[in-house]
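Student: just a sequence and a predicted model for now, questions to come.
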Amino acid sequence: MQIKPTIVTYLDTRHKKNLAGIQSNCGSLFWKEQKYYPIGYDLIQAEYDAIRSDAEFKNLPIKARRKLQDVKIKCDAQLVKANEVVDKIPFFNFTLFEKKFLIGQHSSDSVYLYYEKTIKLKEEGRVGTASCYNTSMNSLKKFSLKLQLRDITVEFLKDYENWLIKKDRSSTTVGIYLRCLRAILNQAIEEGDFSQELYPFSKRR
């Protein structure tokens, strides 16, 4: 029997800024998993409660309603979109869901989407490693703000390396950044989003 997840909006109170997000719970008698996808709205608890309850929203002063009207519409739209994605994919898993749900926020073959997914996983275990990936991603963004998997070629790597050297980055730093990028491409190959034939790294690097 196919498992259909329960998808809800929630207020993330784990951080100093409370951000609205989408929570996807997928469970059965044998396993259960939760994932969270930020949708980018900074709200306090009272504001979040108001946009989730029509009765509370109507009781707000007109000025407050005007301020939250757009947020309410967009939060509801994200929830509808998430459920539509679930209905359209042949079977549910988080990889399929993310590729469809994140369209418009990130391209499914975006290098930075892969970085963000990897950083999130690393943060759950080894924070130091997550920091390396985050630094590598930020460096790449300064070199190329929009970057697809297919853009990573031998020529791109040479240009990026030369750019780093001109920025007075040490050979050790360059090596760390490129090892993270190589790991990202390896992950993309495993997930079927990048062809092994296009792999630009040699065995020596």
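Tutor: That came through, no problem.
Student: against which helices or strands is the biggest strand by length in the chain packed?
Tutor: The longest strand of the chain (DSSP state E) is strand 32-42. Helices and strands touching strand 32-42, by 3 or more Cβ pairs under 8 Å, 6 or more residues apart in numbering; DSSP states H and E, are strand 6-12, strand 19-27, helix 62-88, helix 94-101. Just so you know, the C-beta spots here come from the backbone N, C-alpha and C atoms, and that holds for glycine as well.
Student: lowest-pLDDT helix or strand in the chain?
Tutor: strand 19-27 (a mean of 56; mean pLDDT, DSSP states H and E).
Student: need the helices and strands packed on strand 32-42 in TSV with distance to residue 45 and mean neighbour count, can you?
Tutor: Shown next, in TSV, are the helices and strands packed on strand 32-42 (distance: least, Cβ to Cβ, whole Å; neighbours: other Cβ atoms under 10 Å):
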stretch	distance to residue 45	mean neighbour count
strand 6-12	6	16
strand 19-27	11	18
helix 62-88	13	14
helix 94-101	25	17
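Student: three-state assignment of residue 202?
Tutor: Taking DSSP: H, G, I helix; E, B strand; the rest coil as the rule, one finds residue 202 in the coil state.
Student: quick check: which ranges of this protein have low pLDDT?
Tutor: 1-2, 14-32, 40, 102-109, 125-128, 203-205 (pLDDT under 70).
Student: could you pull up the residues touching the closest residue in space to residue 154 that isn't next to it in sequence?
Tutor: Closest residue to residue 154 apart from its sequence neighbours, by Cβ to Cβ, 6 or more residues apart in numbering: residue 200 at 4.6 Å. Residues in contact with residue 200 (Cβ atoms under 8 Å, 6 or more residues apart in numbering) are 152, 153, 154, 156, 157, 185.
Student: now the residue lying closest to the first one once chain neighbours are set aside: how far from residue 100?
Tutor: Right, the one you point to is residue 152. Nearest residue to residue 152, sequence neighbours excluded (Cβ to Cβ, 6+ apart): residue 200, at 5.8 Å. Separation of residue 200 from residue 100 (Cβ to Cβ, to the nearest Å): 28 Å.
Student: still on that earlier bit, can you put the helices and strands packed on strand 32-42 in TSV and add distance to residue 43?
Tutor: Putting those into TSV (distance: least, Cβ to Cβ, whole Å) gives the following:
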stretch	distance to residue 43
strand 6-12	6
strand 19-27	6
helix 62-88	7
helix 94-101	21
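Student: nice, that's everything, thank you.
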